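*Asks:* got a sequence here, can you build the structure:
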Amino acid sequence: MATTRTAQICMFAVLLAGLAGACGGKAKGGAAAESPGDGDPVGDVLRLVEQWRQGYEVRSLEAISTLYSHDDDVVRIQQGRPVQGWREVENQLHGELGRSTSIYVRLKDIQVARLAPGAVAVTAGMAREASDGVTTVAETGVLSLVLRRDGDAWLIVSEHYSFAPQS
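*Replies:* Got it, this is the predicted structure:
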């Protein structure tokens, strides 16, 4: 049953990412998506995305963890491998950050699309370099985040990234 639930969440995250592209709400270099009931969430969402990027670069689980929903429905998909539930996501983040001595993340073409009141999708091109002190791996691909409003804060409920194979 958990595998079926995880597969459903993965499909939902991919659908939401597709909707983000179809909605075309631009965060940088274009008009932001208006959100009745949310005001204009783009500034808050872009600040969260920047905190996410910086959290990776300083390799701080403490900084990054405050950006995620801490419930059983949060999902993180990395190169086609889903992890569901805050405890599992936290373990995965801890492992990634702990293995790296340096991480550099660059985002471009960030787009924010409102999905519903209190829900947005973020897509961006992403370049990442991670080093363990001996080997550095450079990857380029696409990041998508689905955020929901929780009180005054936006929280990541789905994170999906994939990198194109190097030829």
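*Asks:* centre of the chain to stretch 139-156, how far?
*Replies:* Remark: stretch 139-156 is offset 5 Å from the chain centroid, using C-alpha atoms, centre = their mean, to the nearest Å.
*Asks:* any low-confidence regions in the chain?
*Replies:* Within the chain, the stretches with pLDDT under 70 are 1-39, 166-167.
*Asks:* which stretches in it count as helices?
*Replies:* Taking DSSP state H as the criterion, the chain carries its helices at 2-23, 42-57, 61-65, 86-99.
*Asks:* distance of the residue of the chain most remote from its centre relative to Leu143?
*Replies:* Relative to the C-alpha centroid of the chain, counting by C-alpha atoms, centre = their mean, Val134 is the outermost residue, at 27.2 Å. Distance of Val134 to Leu143, given as C-beta to C-beta, to the nearest Å: 26 Å. Quick note: C-beta positions are derived from backbone N, CA and C, even for glycine.
*Asks:* and for Asn91?
*Replies:* From Asn91 to Leu143 the distance is 20 Å (C-beta to C-beta).
*Asks:* higher neighbour count, those two?
*Replies:* Higher neighbour count among Asn91 and Leu143: Leu143, with 22 against 12, using other C-beta atoms under 10 Å.
*Asks:* got a list of what that one touches?
*Replies:* Leu107, Val122, Thr123, Ala124, Gly125, Met126, Glu159, His160, Tyr161 (C-beta atoms under 8 Å, 6 or more residues apart in numbering).
*Asks:* what's the PyMOL syntax to select whichever of those are buried?
*Replies:* A single PyMOL command selects the buried members of the contacts of Leu143 (16 or more other C-beta atoms under 10 Å):
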select buried, resi 107+122+123+124+126+159+160+161
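*Asks:* for stretch 101-109, the distance to its chain's centre please.
*Replies:* Put simply, stretch 101-109 sits 13 Å off its chain's centre (C-alpha atoms, centre = their mean).
*Asks:* what comes up buried for it?
*Replies:* Residues of stretch 101-109 classed as buried: Ile103, Val105, Leu107 (neighbour count, 16+ other C-beta under 10 Å).
*Asks:* equivalent analysis for stretch 141-154, please.
*Replies:* For stretch 141-154, burial by neighbour count (16+ other C-beta under 10 Å) applies to Val142, Leu143, Ser144, Leu145, Val146, Leu147, Arg148, Arg149, Trp154.
*Asks:* pick the one among those closest to Leu48.
*Replies:* The nearest member of the buried residues of stretch 141-154 to Leu48, counting by C-beta to C-beta, is Trp154 at 5.1 Å.
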